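In: sequence and computational prediction follow.
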Protein chains: 2
Amino acid sequence: MRKSAKNKRYSPQSPIGIFDSGVGGLTVFKEIERLLPGEHIVYMGDTARVPYGNKSPKTVVRFSTENVLFLLENKVKLVVVACNTSSSLALDFLQKTFSVPIVGVIDPAVEKAVEVSPGRRIGVIGTKSTIKSGVYQKKILQKDSRARVCVKACPLFVPLVEEAMLSGPITEDIARYYLKGFKGGIDTLILGCTHYPLLKKIIASYLKDVHLINSAYEVAVKVRGVLRHSGLLNPGRRGRREFFVSDEPAGFMKLARLFLNKTTGKPKVINV
Amino acid sequence: MRKSAKNKRYSPQSPIGIFDSGVGGLTVFKEIERLLPGEHIVYMGDTARVPYGNKSPKTVVRFSTENVLFLLENKVKLVVVACNTSSSLALDFLQKTFSVPIVGVIDPAVEKAVEVSPGRRIGVIGTKSTIKSGVYQKKILQKDSRARVCVKACPLFVPLVEEAMLSGPITEDIARYYLKGFKGGIDTLILGCTHYPLLKKIIASYLKDVHLINSAYEVAVKVRGVLRHSGLLNPGRRGRREFFVSDEPAGFMKLARLFLNKTTGKPKVINV
């Protein structure tokens, strides 16, 4: 009953909604756009309140709820929570509260990590709040109770990326500082923050022979699955993209070029 | 006329209000408490939306206005804008909009720097938004048109302090990275962000023989002057202190210990 009601409310022409605390979710946007080029996409970056990674569960839940409400006003058929902190702290609440299908970034990364890890020794890096939530540990152990999980919060990685310091000795030192505990101890590492794929090269060169898991692609695959299952895939050829931010466009546009290697056009500004 | 109306509205028993984007303003709180121990103080840290330093003027003005309104609800007799970014971007607007006396952190630092600089070669470091606003350069040149001003945004300094990484090789490297352009070129450096006094030791050891200006003490002196002038100094012996934050208390309390070398008690949480 519920699903058919949903299907009446949404159509394949409805957009996919993506929200993130800022620009990081563009790594997810990029993969969804690549895998599902016919879909219309509404992206909302809460740049006025970024970052979420050092904030409390209650505050992250409140901000995330407001973001979903904004996307629903834009009549989205599915919401992607492209922020690891929001996915860690708010996804359960959002899925219970709203009837629209909501996809987070944690489960796809966990499934992939458990699938590819040869020795069940999985590391996770993320923001303070993500790591403190314990959600990655919990979900990995639910999938594979014999896995050994090591975690580390890396709060300087986001400002480094937003400074476009993607390489060089300072970034290498900071990477070493955070990652040295993993050396020799893990075979797979989940990049549990949407900014981290931009540091992939430096992380890979320090943690040689470790599988790095970037959930963006896995999230896109999951979105395709959910839409297909409910008959909501858009068969079109080239979807519209709309960008909204809560702070001024200039900063977002500059970072968007770093994340997408192309321009986004000027996002619209909303008040949150 | 206006002043006497003010004096009726406020009394010496009214508290001083201080706001900051987060914990950084505690460096200012500390000096005001030391210089004016009889004053009641209401401190408000907008920890849910911290940091302001990478946000646009419009957004910083909006958040700052909301913070002043909150302090006014608490019947403060004077507002201290203890955040450099807010002082740079919002002070003019706030002073025009509200009748309560409002003191920022820029002018006191500028006056001190111009006073002590032997060779008129003044450097300024701050957040991206503070530096981009150009307000320090403008005000220094207004005071001394023959001064030479060099500026540098140091966006990694705030996350470093909030990570409690106040010393060590990574912090030294980052300090060198930001400050190398000043080497030999300045005799005075304004620490244009309330977090930076915590990095004073490392900055001083790299920029030897440079006067470092921390505006916190100068702000306290200015506050005393304004209150004395309007007959609003509180002659009491030990004022009340009240703390409010917009995110959960735990993170604030932990950092407050770092900034004050003592505990603040549990702050109350407000929604912004």
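Out: That came in fine, so what should we check first?
In: what about the strands in chain A?
Out: Along chain A, the segments classed as strands by DSSP state E run A:16-20, A:41-45, A:78-81, A:102-103, A:121-126, A:148-153, A:188-191, A:211-213, A:241-245, A:268-269.
In: what about the first one, average pLDDT?
Out: Averaged across strand A:16-20, the pLDDT comes to 98.
In: partner strands of that strand, with direction?
Out: Using DSSP bridges, the strands paired with strand A:16-20 are strand A:41-45 (parallel), strand A:78-81 (parallel).
In: so for the closest residue to chain B within the stretch 151-272 of chain A, what's the pLDDT?
Out: Each residue of the stretch 151-272 of chain A has a distance to chain B, by Cβ to the nearest Cβ, and the smallest belongs to A:Glu248, at 3.5 Å. In this view, the C-beta of every residue, glycine as well, is placed from N, C-alpha and C. With respect to pLDDT, A:Glu248 scores 90.
In: on that earlier part again, got the strands of chain A as TSV, with mean neighbour count and distance to B:Ile131 columns?
Out: Formatted as TSV, the entries for the strands of chain A read as follows, by neighbours: other Cβ atoms under 10 Å in any protein chain shown; distance: least, Cβ to Cβ, whole Å:
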stretch	mean neighbour count	distance to B:Ile131
strand A:16-20	28	26
strand A:41-45	26	23
strand A:78-81	26	34
strand A:102-103	24	39
strand A:121-126	26	30
strand A:148-153	18	28
strand A:188-191	26	31
strand A:211-213	21	35
strand A:241-245	21	22
strand A:268-269	14	23
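In: domains in chain A, by residue range?
Out: The record's domain parsing of chain A by automatic domain parsing lists A:16-105+A:217-269, A:107-215.
In: what is the end-to-end distance of the first one?
Out: With Cα to Cα, to the nearest Å as the measure, domain A:16-105+A:217-269 spans 19 Å from end to end.
In: neighbours around the spatially closest residue to A:Arg146 that is not a sequence neighbour, how many?
Out: Sequence neighbours aside, A:Arg120 is the residue nearest to A:Arg146 in space, at 5.8 Å (criterion: Cβ to Cβ, 6 or more residues apart in numbering or on different chains). Here the neighbour count serves as a burial measure; for A:Arg120 (other Cβ atoms under 10 Å in any protein chain shown) it reads 17.
In: now the one 10 residues further on
Out: Summarising burial for A:Thr130: neighbours were counted as other Cβ under 10 Å, giving 27.
In: surely it touches A:Thr194?
Out: No - if you go by Cβ atoms under 8 Å, A:Thr130 and A:Thr194 don't touch, sitting 10.7 Å apart.
In: identify the contacts common to the two.
Out: A:Asn84 (Cβ atoms under 8 Å, 6 or more residues apart in numbering or on different chains).
In: now the strands of chain A in JSON lines, with distance to A:Ser56?
Out: Rendered in JSON lines, the data for the strands of chain A read as follows (distance: least, Cβ to Cβ, whole Å):
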{"stretch": "strand A:16-20", "distance to A:Ser56": "18"}
{"stretch": "strand A:41-45", "distance to A:Ser56": "21"}
{"stretch": "strand A:78-81", "distance to A:Ser56": "17"}
{"stretch": "strand A:102-103", "distance to A:Ser56": "21"}
{"stretch": "strand A:121-126", "distance to A:Ser56": "16"}
{"stretch": "strand A:148-153", "distance to A:Ser56": "15"}
{"stretch": "strand A:188-191", "distance to A:Ser56": "23"}
{"stretch": "strand A:211-213", "distance to A:Ser56": "27"}
{"stretch": "strand A:241-245", "distance to A:Ser56": "23"}
{"stretch": "strand A:268-269", "distance to A:Ser56": "26"}
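In: A:Val60 is nearest to which of those strands?
Out: strand A:78-81 (10.6 Å; Cβ to Cβ).
In: kindly export that closest one (C-alpha atoms) in PDB.
Out: What follows is strand A:78-81, C-alpha atoms only, in PDB (Å, rounded to 0.1, in the frame of the first residue of the first chain):
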ATOM      1  CA  LEU A  78      14.500  10.200  -3.300                       C
ATOM      2  CA  VAL A  79      16.900  11.800  -0.900                       C
ATOM      3  CA  VAL A  80      20.600  11.100  -0.700                       C
ATOM      4  CA  VAL A  81      22.300  12.100   2.600                       C
END
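In: what residues does chain A put near chain B?
Out: Residues of chain A lying close to chain B (Cβ under 8 Å from any Cβ of the partner chain) are A:47-50, A:54-56, A:58-59, A:62, A:155-156, A:159-160, A:162-163, A:169-170, A:173-174, A:177, A:246-248, A:250-251, A:271.
In: show me which of those are buried.
Out: If you count burial by 16 or more other Cβ atoms under 10 Å in any protein chain shown, the buried members of the residues of chain A next to chain B come out as A:47-50, A:54-56, A:59, A:62, A:155-156, A:159-160, A:162-163, A:170, A:174, A:246-248, A:251.
In: related to what we said a few turns ago, turn the strands paired with strand A:16-20 into TSV, including mean pLDDT.
Out: Shown next, in TSV, are the strands paired with strand A:16-20 (pLDDT from 0 to 100):
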stretch	mean pLDDT
strand A:41-45	98
strand A:78-81	98
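In: so A:Tyr177 sits against B:Ile174, correct?
Out: No - with contacts defined as Cβ under 8 Å, A:Tyr177 does not count as touching B:Ile174, sitting 11.6 Å away.
In: tell me where the model's unsure across chain A.
Out: Along chain A, the model assigns pLDDT under 70 to residues A:1-8.
In: most centrally placed residue in it?
Out: In chain A, the C-alpha nearest the mean C-alpha coordinate belongs to A:Ala82, at 3.1 Å (Cα atoms, centre = their mean).
In: which residues does the residue nearest to that residue when sequence neighbours are not counted contact?
Out: Ranked by Cβ to Cβ, 6+ apart and with sequence neighbours excluded, the top spatial neighbour of A:Ala82 is A:Gly25, at 3.0 Å. Residues in contact with A:Gly25 (Cβ under 8 Å, 6+ apart) are A:18-19, A:43, A:45, A:80, A:82-83, A:194.
In: try it again at 6 Å.
Out: The contact partners of A:Gly25, by Cβ atoms under 6 Å, 6 or more residues apart in numbering or on different chains, come to A:18, A:82, A:194.
In: measure the nearest residue to A:Tyr178 once chain neighbours are set aside to B:Leu160 for me?
Out: Using Cβ to Cβ, 6+ apart and skipping the chain neighbours, the partner closest in space to A:Tyr178 is A:Cys154 (4.4 Å). Here the criterion is Cβ to Cβ, to the nearest Å. By it, A:Cys154 lies 13 Å from B:Leu160.
In: what's the overlap in contacts for these two?
Out: Residues touching both A:Cys154 and B:Leu160 (Cβ under 6 Å, 6+ apart): there are none.
In: so A:Asp46 sits against A:Gly24, correct?
Out: No - the pair A:Asp46 and A:Gly24 does not pass the contact test of Cβ atoms under 6 Å, sitting 10.9 Å apart.
In: from the stretch 51-200 of chain A, which residue is nearest to chain B?
Out: As assessed by Cβ to the nearest Cβ, chain B sits closest to A:Ser56 within the stretch 51-200 of chain A, at 3.5 Å.
In: excluding its backbone neighbours, what's nearest that residue?
Out: Nearest-residue entry for A:Ser56: B:Glu248, 3.5 Å, with adjacent residues in sequence omitted and distances by Cβ to Cβ, 6+ apart.
In: all helices of chain A, in order?
Out: Along chain A, counting by DSSP state H, helices occupy A:2-9, A:26-35, A:57-73, A:84-97, A:106-116, A:128-133, A:135-143, A:157-162, A:169-179, A:200-206, A:215-229, A:249-260.
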